[in-house]
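**Student:** Got a predicted structure plus its sequence, pasted below:
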Amino acid sequence: MDKTAIPLPTLRALARKMQSSGLNSLALDGKHWSVRLTFAATPATPAPVMLPAAEIPPITQRIGAPMPGTLLRRHPHSPQDFVAPGQHIEAGAVVALVQVGPLYVPVISPDSGTVQSFAAEHLSAVEYGEDVLMFQSP
């Protein structure tokens, strides 16, 4: 047997892998090498079916505290809350602050939607991940 011969079980395993991956042919050359692979043409995939907006129910999401501390629904120098129930918010909007000593950490909306309710009161103690606000996204 030649030293470069490939055992038959190895060739069979290679043929099965080629067939499952869609590879039709493989050509190998020597002396400064050249490899050629040929794959079967893939059929065009149909376009995804889009549901009308009326059929997609809104999703209620919760925003949790980013760290333990005191929840501030408004900036310390402002009389108005960042957001109120029924208000539309955009993704990335600051909806509250968590005060940890002299540090203020923003509570940021991960998605756009409409504020439903606050789960924690202004100046209440919150733990990491504790619900602060609930909103409905389209």
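**Tutor:** Arrived safely, thanks for sending. Numbers count the residues shown, from 1 in each chain.

**Student:** Could you pull out the helices in the protein for me?
**Tutor:** Counting by DSSP state H, the chain has helices at residues 8-21.

**Student:** can you map out the strands along it?
**Tutor:** Counting by DSSP state E, one finds strands in the chain at the ranges 23-28, 35-39, 59-64, 69-72, 88-89, 94-100, 103-108, 113-118, 125-126, 131-137.

**Student:** Buried residues in the third one, which are they?
**Tutor:** Counting neighbours by 16 or more other CB atoms under 10 Å, one finds that the buried residues in strand 59-64 are Ile63. From N, CA and C alone the C-beta is placed, and that goes for glycine too.

**Student:** For it, name the packing helices and strands.
**Tutor:** Under the contact criterion of 3 or more CB pairs under 8 Å, 6 or more residues apart in numbering; DSSP states H and E, strand 59-64 touches strand 131-137.

**Student:** burial measure for Gly113, as a count.
**Tutor:** 20 (other CB atoms under 10 Å).

**Student:** do the same with Leu14
**Tutor:** 13.

**Student:** follow-up on the earlier one: in CSV: the strands of the chain, plus mean pLDDT and distance to Arg12.
**Tutor:** Listed next are the strands of the chain as CSV, based on pLDDT from 0 to 100; distance: least, CB to CB, whole Å:
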stretch, mean pLDDT, distance to Arg12
strand 23-28, 73, 14
strand 35-39, 72, 19
strand 59-64, 92, 50
strand 69-72, 96, 64
strand 88-89, 94, 60
strand 94-100, 95, 61
strand 103-108, 94, 56
strand 113-118, 94, 56
strand 125-126, 96, 62
strand 131-137, 93, 53
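
**Student:** could you redo these as a markdown table and give each row distance to Ser78?
**Tutor:** Output for the strands of the chain, formatted as a markdown table (distance: least, CB to CB, whole Å):
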| stretch | distance to Ser78 |
| --- | --- |
| strand 23-28 | 64 |
| strand 35-39 | 62 |
| strand 59-64 | 20 |
| strand 69-72 | 10 |
| strand 88-89 | 17 |
| strand 94-100 | 11 |
| strand 103-108 | 12 |
| strand 113-118 | 16 |
| strand 125-126 | 20 |
| strand 131-137 | 17 |
